[in-house]
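1. After the sequence you'll find the predicted model.
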Amino acid sequence: MMKKSLKSRNNDLANTQRQLEILSNGIFANGELPTFAKKIKETNQFPLRPKKLEILQINLGYMCNQVCAHCHVDAGPDRKEIMTKETMEQCLEVIRTTGAHTLDLTGGAPEMNPNFRWFVEEASKAGVKDFIVRSNLTIIRANKKYHDLPEFFKKHNVHVVSSMPHWTRGKTDKQRGDGVFDKSIEALKMLNEVGYGIEGTGLQLDLVYNPSGAFLPGDQAALEADFKKALKEDFDIAFNSLFAITNLPISRFLDYLIASENYEDYMYSLVEAYNPMAVENVMCTNTLSVSWDGYLYDCDFNQMLNLKVASKSQHISEYNEALLQNRNIIINQHCYGCTAGAGSSCQGTVA
């Protein structure tokens, strides 16, 4: 059923526009939801402006071997959007000249891009200090051609950030699909075998947790302790850190909220948990997102809503750091998700 929905929608512009209209309509049955712009004006934080660029996050394509219930990218096996080698070469030119110290590769499953390994090798030569690949873990077990990924990651000192909804099979498979938990455990063991997550190796392995329902994540430190204890005791698996990420009300998760009649309550919970301290460190202030076709966005959530950067420099081929640093960051109601509680980013909590 989920695959059918994905094919019928295919992240088309009509659905994107529909989601933007839903997010922009802040009047609910229980009253009016303040706009995010109004909220940050109250704390003198409007407009949001970029700081020094630190992270270049590049989406290599929406193709994925999984179809996860809350994927904000709407990724899946039938997605055909894949970054070309030409666009990768344009990204490499920016990597060589920009002040960003971190390269963050995401998808879909970024490893499914046919030029993934070439890109990693070329980007490594460019002297990136922190090289992140966001892996769903199961890709390592999906096909024999991916079985050597742990060794490949090790060779290039890649920082592996992996999705892991829960330390139990039931909760993981409910969100990610049948059999995902067992394949994820196998992949984590393979990563551990080459040194990932093991103290003293310098090979960083971090896990990502996001809630399975219409609620905010718990305390990140407490969740990390629970994950480490359970995975060590049950499977002798080690990892470095856990990132707790709030589900933003876009794409499949927004569809889920509406279908389950949880949208209004969830939005109110985000607003009630608003934390002005989190606004100071939201990822859009130090990160630039590059889509599979080379367009630039303030974050990958804006990418899914087709909200390109407010700058004349909107494509990686015409990258102009001076123009981009002089822009205002585009915001909408989904931004409440990054500023609720301890805040949320691709690197976990921010406040």
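-> Done, it's in.

2. just the helices in the stretch 51-200 of the chain please.
-> 85-97, 116-125, 139-142, 149-155, 169-176, 180-193 (DSSP state H, counting those that start in this stretch).

3. So which of those helices is nearest L203?
-> helix 149-155 (6.1 Å; CB to CB). (C-beta placed from N, C-alpha, C; glycine too.)

4. Confirm for me that A109 is in contact with L137.
-> No. With contact defined as CB atoms under 8 Å, A109 and L137 do not form a contacting pair (9.8 Å).

5. ok so, going back, would you mind telling me which of the helices of the stretch 51-200 of the chain is nearest P217?
-> helix 169-176 (13.1 Å).

6. avg pLDDT for the closest one?
-> For helix 169-176, mean pLDDT is 88.

7. can you check stretch 326-340 too?
-> 96.

8. Report the buried residues of that stretch.
-> For stretch 326-340, burial by neighbour count (16 or more other CB atoms under 10 Å) applies to 327, 329-340.

9. just to revisit the earlier point, export the helices of the stretch 51-200 of the chain as a markdown table, with columns for mean neighbour count.
-> What follows is the helices of the stretch 51-200 of the chain, written out as a markdown table (neighbours: other CB atoms under 10 Å):
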| stretch | mean neighbour count |
| --- | --- |
| helix 85-97 | 17 |
| helix 116-125 | 17 |
| helix 139-142 | 22 |
| helix 149-155 | 18 |
| helix 169-176 | 17 |
| helix 180-193 | 20 |
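
10. which of the ones you listed has the lowest average pLDDT?
-> Of all those, helix 169-176 has the smallest average pLDDT, which comes to a mean of 88.

11. L288 falls within a strand, correct?
-> Yes. Assigned with DSSP: H, G, I helix; E, B strand; the rest coil, L288 falls within a strand.

12. Can you name the residues bridging to it?
-> L288 has these beta-bridge partners by DSSP bridges: L56.

13. I'd guessed it sits against I55; true?
-> Yes. With contact defined as CB under 8 Å, L288 counts as touching I55 (7.5 Å).

14. So those two - more neighbours on which side?
-> In this view L288 and I55 are compared by other CB atoms under 10 Å, and L288 has more residues nearby, 25 against 19.

15. re earlier: would you convert the helices of the stretch 51-200 of the chain into JSON lines that also reports distance to V271?
-> Formatted as JSON lines, the helices of the stretch 51-200 of the chain follow (distance: least, CB to CB, whole Å):
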{"stretch": "helix 85-97", "distance to V271": "36"}
{"stretch": "helix 116-125", "distance to V271": "39"}
{"stretch": "helix 139-142", "distance to V271": "36"}
{"stretch": "helix 149-155", "distance to V271": "40"}
{"stretch": "helix 169-176", "distance to V271": "25"}
{"stretch": "helix 180-193", "distance to V271": "33"}
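
16. Among these, which comes closest to I258?
-> helix 169-176 (18.1 Å).

17. what's that closest one packed up against?
-> helix 180-193 (3 or more CB pairs under 8 Å, 6 or more residues apart in numbering; DSSP states H and E).

18. sorry, back to before: any common contacting residues for L288 and I55?
-> Residues touching both L288 and I55 by CB atoms under 8 Å, 6 or more residues apart in numbering: A100.
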